[in-house]
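S.K.: The following comprises the amino acid sequence and a computationally predicted model.
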Amino acid sequence: MEVQKMSNGHHDLSPDKSPESGFDALENITESETFLHDKTNGATHFTDFEGKTSFGMSIFNLSNAIMGSGILGLAYAMANTGIVLFVILLISIALLSAYSIHLLLRSAEVVGIRAYEQLGNHAFGTPGKILAGCVITLHNIGAMSTYLFIVKIELPHVIQGLMELPDDYNAWFVNGKYLIIIVSVAIILPLGFMKRLGYLGYTSGLSLSCMVFFLISVIYKKFVSVCPVEASKNDIFVNESIYNSADTCEAKFITVNPQVRDIYCQSYYQVSFWLYFKPNEFNFLFFKSQTAFTIPIMAFAFVCHPEVLPIYTELKNPSKKRMQNISNISILAMFVMYLLTAIFGYLTFYAKVQSELLEMYSKTDTLMLCVRLAVLVAVTLTVPVVLFPIRRAVLQLLFPDKPFSWVRHISIAVCLLFVVNLLVIFVPNIRDIFGFIGATSAPSLIFILPGIFYICIVPKEQEPLKSRPKIQAMVFVALGFIFMIMSITFIIVEWVTGMKSIGPH
């Protein structure tokens with residue numbers, strides 16, 4: 001990478017002289033050289049990397065990072081909160097997520113740094129850099145494992161349904177352990193080898209298209225399905241076995257459960273695993289409360305913070321306002337998808353909607369089998385987007401001053417997927433492990449680190465500690481600590497009381 005000294009004392013990257021210089025800066029950024037910025041007319045001009053990803057592709061990537069498997073549980077969340085309360089909660093969480101991204105971008109604007117780990121280094125030195133890198137690594141490994149667990153559990157059922165095979169059919173191509181290895185090697189790994197996150201905008205667009213197909217199908221089923229209470233057992237649109245004659249098809253606008261406080265802060269990963277692997281036993285684990293789990297699912301519905309700064313780095317003509325617009329549009333788009341999915345899923349099955357929406361539909365319905373396959377495609381194509389921040393964190397922690405190397409680039413991706421596959425295949429009960437990771441890393445990424453970075457990085461001359469923006473950031477950080485403490489407390493109480501922990505097997 002060639003760096004030229006400019007007359008104003010800053011360094012100028014010269015992509016014309018070295019075609020790999022931009023990517024070198026992206027993968028092996030060091031604060032002493034590349035995190036230099038030039039301010040012209042009050043605007044920060046970054047010189048660490050010349051991004052080439054368009055505005056639209058950046059929206060696809062960030063939207064794909066936001067879109068999570070929790071969308072399948074939102075109809076159940078609405079059933080347990082009521083339509084009005086659900087909408088209020090969803091709006092509030094979307095606004096909090098946008099504010100958190102604002103704190104990150106504001107900190108990056110002040111110092112010209114567009115890497116989470118280097119923001120930690122600027123705020124607290126090496127310990128801050130290590131903390132941020134470890135938190136991102138743990139959180140995203142948890143997310144990757146969750147996605148691959150979904151593939152492991154659901155893909156065999158889809159194959160059996162499409163090929164009309166019996167449930168007890170035993171062959172290697174309906175064995176989830178083999179399938180996740182095939183998916184990882186054939187799809188995820190090649191995408192993970194790509195040099196730039198921006199290239200994944202196309203696969204992110206396909207992933208989002210699959211989820212749009214899922215949404216359209218849910219809306220369609222609402223209008224072609226009769227009330228589940230009135231449905232006969234021959235109805236191909238719904239799974240009749242989950243209903244009884246005492247159920248009614250009446251929408252609730254507000255539903256309040258007095259036991260919300262019992263499990264207010266159960267972690268995202270705990271909830272996710274129960275949604276997918278033991279939804280029928282969910283109430284047993286959480287003290288038979290049906291409303292409370294909706295809060296953590298919605299709280300993490302807009303998590304995308306580890307991907308924000310890498311996407312910002314590769315953005316063409318970067319600026320805080322431009323990236324904030326990308327974030328706002330992505331959050332708004334996902335808000336609309338979440339809301340429509342919840343409303344139409346709920347109004348199809350009403351109070352009897354289950355924690356995993358797809359389980360409500362008949363497994364003999366060809367359309368819904370295709371929808372299940374589309375959801376699996378969307379989940380699979382999200383994994384490479386999650387992989388990029390982990391690799392960047394590893395490079396920052398272990399090889400901060402090394403030039404770009406294809407061997408290192410590929411090796412890290414292979415090792416990460418190898419570790420995640422081992423976890424998914426061989427660990428019989430992984431829920432508690434990732435429950436603890438989710439309880440610590442997710443609040444840190446959403447609330448604590450963005451707020452602390454903002455407080456430490458933005459100069460007191462610009463915003464004193466007693467200014468309203470700094471006070472708001474302090475409250476935001478305090479909320480994160482409260483959330484984390486309560487999450488960890490409930491996990492420890494569960495372990496101490498010896499409550500039976502049932503996870504994916």
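M.R.: In hand now; what should we look at? Residues are numbered from 1 along each chain as shown.
S.K.: any idea how far Trp172 lies from Ile482?
M.R.: 48 Å (C-beta to C-beta, to the nearest Å). (Glycine included, C-beta is placed from N, CA and C.)
S.K.: got it, and Val151?
M.R.: 34 Å.
S.K.: so what's the backbone phi/psi at Thr53?
M.R.: phi -80, psi 130 (degrees, to the nearest 10).
S.K.: Quick check: it touching Tyr312?
M.R.: No. Assessed by C-beta atoms under 8 Å, Thr53 is found out of contact with Tyr312, at 9.8 Å.
S.K.: More neighbours: the two, which one.
M.R.: Using other C-beta atoms under 10 Å as the criterion, Thr53 and Tyr312 rank with Tyr312 on top: 28 against 22.
S.K.: For Val419, the count of nearby residues, please.
M.R.: 13.
S.K.: that older thread, okay, Val151 and Ile482: which has more neighbours?
M.R.: Ranked by neighbour count (other C-beta under 10 Å), Val151 and Ile482 place Val151 first, with 24 against 14.
S.K.: Which strands and helices lie in contact with the helix or strand where the more buried one lies?
M.R.: Using DSSP states H and E, Val151 sits within helix 126-162. Applying 3 or more C-beta pairs under 8 Å, 6 or more residues apart in numbering; DSSP states H and E, we find helix 126-162 packed against helix 116-124, helix 176-183, helix 268-277, helix 305-313, helix 366-398, helix 406-426, helix 431-443, helix 449-457.
S.K.: could you dump these to a markdown table with distance to Cys249 and mean pLDDT?
M.R.: Converted to a markdown table, the helices and strands packed on helix 126-162 look like this (distance: least, C-beta to C-beta, whole Å; pLDDT from 0 to 100):
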| stretch | distance to Cys249 | mean pLDDT |
| --- | --- | --- |
| helix 116-124 | 47 | 87 |
| helix 176-183 | 35 | 92 |
| helix 268-277 | 24 | 44 |
| helix 305-313 | 39 | 85 |
| helix 366-398 | 20 | 88 |
| helix 406-426 | 39 | 91 |
| helix 431-443 | 34 | 69 |
| helix 449-457 | 43 | 93 |
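S.K.: do you know which of those lies nearest Met360?
M.R.: helix 366-398 (9.3 Å; C-beta to C-beta).
S.K.: Packing partners of that closest one?
M.R.: Counting by 3+ C-beta pairs under 8 Å, 6+ apart, helix 366-398 packs on helix 21-27, helix 55-66, helix 116-124, helix 126-162, helix 189-192, helix 201-224, helix 305-313, helix 406-426.
S.K.: okay, these in a markdown table with distance to Ile492 next?
M.R.: Converted to a markdown table, the helices and strands packed on helix 366-398 look like this (distance: least, C-beta to C-beta, whole Å):
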| stretch | distance to Ile492 |
| --- | --- |
| helix 21-27 | 39 |
| helix 55-66 | 30 |
| helix 116-124 | 27 |
| helix 126-162 | 18 |
| helix 189-192 | 35 |
| helix 201-224 | 36 |
| helix 305-313 | 26 |
| helix 406-426 | 22 |
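S.K.: Ok, which of these comes nearest Ala439?
M.R.: Relative to Ala439, the nearest member of the helices and strands packed on helix 366-398 by C-beta to C-beta is helix 126-162, separated by 10.5 Å.
S.K.: Run the angle between that closest one and helix 406-426 for me.
M.R.: Orientation check (axes from the mean of the first three to the mean of the last three C-alpha atoms, to 10 degrees): helix 126-162 against helix 406-426 gives 60 degrees.
S.K.: how far does helix 126-162 sit from the chain's center?
M.R.: 9 Å (C-alpha atoms, centre = their mean, to the nearest Å).
S.K.: Can you point out the buried residues in it?
M.R.: Using 16 or more other C-beta atoms under 10 Å as the burial criterion, the residues of helix 126-162 that qualify are 128-161.
S.K.: what's the burial count for Val407?
M.R.: Val407 is flanked by 7 other residues according to other C-beta under 10 Å.
S.K.: Could you check how far the residue nearest to Ile159 when sequence neighbours are not counted is from Val308?
M.R.: Excluding its sequence neighbours, the residue lying closest to Ile159 (C-beta to C-beta, 6 or more residues apart in numbering) is Val174, at 5.4 Å. According to C-beta to C-beta, Val174 and Val308 sit 38 Å apart.
S.K.: who has more neighbours, the two?
M.R.: Each of Val174 and Val308 has its neighbours counted (other C-beta under 10 Å); Val308 has more, 26 against 18.
S.K.: Quick check: the more buried one touching Leu62?
M.R.: Yes. Contact status for Val308 versus Leu62: in contact at 7.0 Å, counting by C-beta under 8 Å.
S.K.: anything in contact with each of the two?
M.R.: Residues touching both Val308 and Leu62 (C-beta atoms under 8 Å, 6 or more residues apart in numbering) are Ser327.
S.K.: Need the distance between the two termini of stretch 189-202.
M.R.: 16 Å (C-alpha to C-alpha, to the nearest Å).
S.K.: Flag every buried residue along that stretch.
M.R.: 189, 191-192, 196-201.
S.K.: outside of that stretch, which residues touch it?
M.R.: For stretch 189-202, contacts defined as C-beta under 8 Å, 6+ apart pick out 23, 26, 51-54, 56-58, 60-61, 64, 203, 307, 310-311, 314, 381, 383-385, 387-388, 391, 409-410, 413-414, 416-417.
S.K.: for stretch 324-343, same thing?
M.R.: Contact with stretch 324-343 is made by 55, 58-59, 62-63, 66-67, 71, 74-75, 77-78, 83, 86-87, 90-91, 94, 97-98, 101-102, 105, 211-212, 214-215, 218-219, 301-302, 304, 308, 311, 315, 357, as judged by C-beta under 8 Å, 6+ apart.
S.K.: switch the cut-off to 6 Å
M.R.: For stretch 324-343, contacts defined as C-beta atoms under 6 Å, 6 or more residues apart in numbering pick out 58-59, 62-63, 66-67, 71, 74-75, 78, 94, 97-98, 101, 105, 215, 218, 302.
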